[in-house]
Structures are given as structure tokens and as C-alpha cells.
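Chemist: give me the fold of what follows.
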Amino acid sequence: MVIHSVYFTLKDKNPSVVAAFLEDTKTFGANIPNILYLQAGAALPATRPIHDKEFDIALVSAFPSQEALQTYLVHPDHLAYCARHEGNWAGIRVFDFES
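Modeler: Below is the predicted model of the structure:
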């Protein structure tokens with residue numbers, strides 16, 4: 001299984017903007033094949049020095065293979081999601097690993 005984790009730092013942190021981005025992040029993958037798991041959420045308050053404080057929204061998804069991840073990355077729904085939101089990304093970090 002391949003885990004795809006994405007951490008977004010937003011330019012506009014207005015609560016309504018963050019809520020709309022989060023809702024779209026939770027639902028945009030509904031028609032993309034081979035997503036085993038997709039979960040998104042807002043960062044919790046960082047209470048320990050070791051916590052990363054540099055993101056607003058996290059997305060974690062799982063795929064059966066690296067090929068399935070690659071298919072997801074070029075899927076029109078994923079590309080449309082990126083086009084809708086990339087103007088509000090102050091930063092984005094991606095971590096992929098095999099489980």
C-alpha cells in the first residue's frame with residue numbers, strides 16, 4: 001500500500017475560506033478509482049515543541065500501488081482540485097511512503 005500525505009499552508013486563513021477548502025479536500029476524490037482511503041482535517045493547536053506548526057490542512061490518502069497513486073495524480077478531478085485551490089497555497093509539502 002502507498003500512503004500519500006499532503007500538508008497545506010494557506011494564504012487566506014479566513015475561517016469560511018478554510019472550511020470551504022477543507023470540505024472540497026474531503027470530497028474531491030469521490031470519483032477517482034483506487035483510492036483506498038482519503039481523510040482530511042485541520043491542524044490541531046501545536047502544544048509540544050516537536051509539533052510542526054507550519055500547516056493548516058492535512059490530506060492523507062492510501063492507494064494499492066505506486067501505479068494507482070500515479071493515476072490519481074493525473075486524474076482530471078485531482079487536477080481540477082489543484083487548479084481551484086493552488087492560488088491560496090502559501091506552501092505545500094508532500095510525503096509518500098510504502099506501507
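
Chemist: report the central residue of the protein.
Modeler: The chain has L59 as the residue nearest its centroid, 3.1 Å off, counting by C-alpha atoms, centre = their mean.

Chemist: can you tell me which residues contact it?
Modeler: H4, S5, V6, Y7, F8, T25, L38, Q39, A40 (C-beta atoms under 8 Å, 6 or more residues apart in numbering). For every residue, glycine as well, the C-beta is placed using N, CA and C.

Chemist: and it, helix, strand or coil?
Modeler: At L59, secondary structure determined by DSSP: H, G, I helix; E, B strand; the rest coil is strand.

Chemist: could you list the buried residues of the longest helix along the chain?
Modeler: Criterion DSSP state H: the longest helix present in the chain is helix 15-27. Buried residues in helix 15-27, defined by neighbour count with 16 or more other C-beta atoms under 10 Å: V18, F21, L22, T25.

Chemist: mind checking which of the contacts of L59 land in helices?
Modeler: Using DSSP H, the contacts of L59 in helices are T25.

Chemist: which one (most neighbours) among the contacts of L59?
Modeler: F8 (23 neighbours; other C-beta atoms under 10 Å).

Chemist: what about the residue nearest to that residue when sequence neighbours are not counted, distance to Q66?
Modeler: Spatial nearest neighbour of F8, chain neighbours left out: I57 (4.5 Å); criterion: C-beta to C-beta, 6 or more residues apart in numbering. For I57, the distance to Q66 (C-beta to C-beta, to the nearest Å) stands at 24 Å.

Chemist: pick out whichever of these two has more residues nearby.
Modeler: I57 (21 against 11).

Chemist: identify the residues contacting the more buried one.
Modeler: Y7, F8, L10, V18, F21, L22, T25, A40, G41, A42, A43.

Chemist: so the third one touches V17, yeah?
Modeler: Pointing back at L10 there. Yes: counting by C-beta atoms under 8 Å, L10 touches V17, with 7.3 Å between them.
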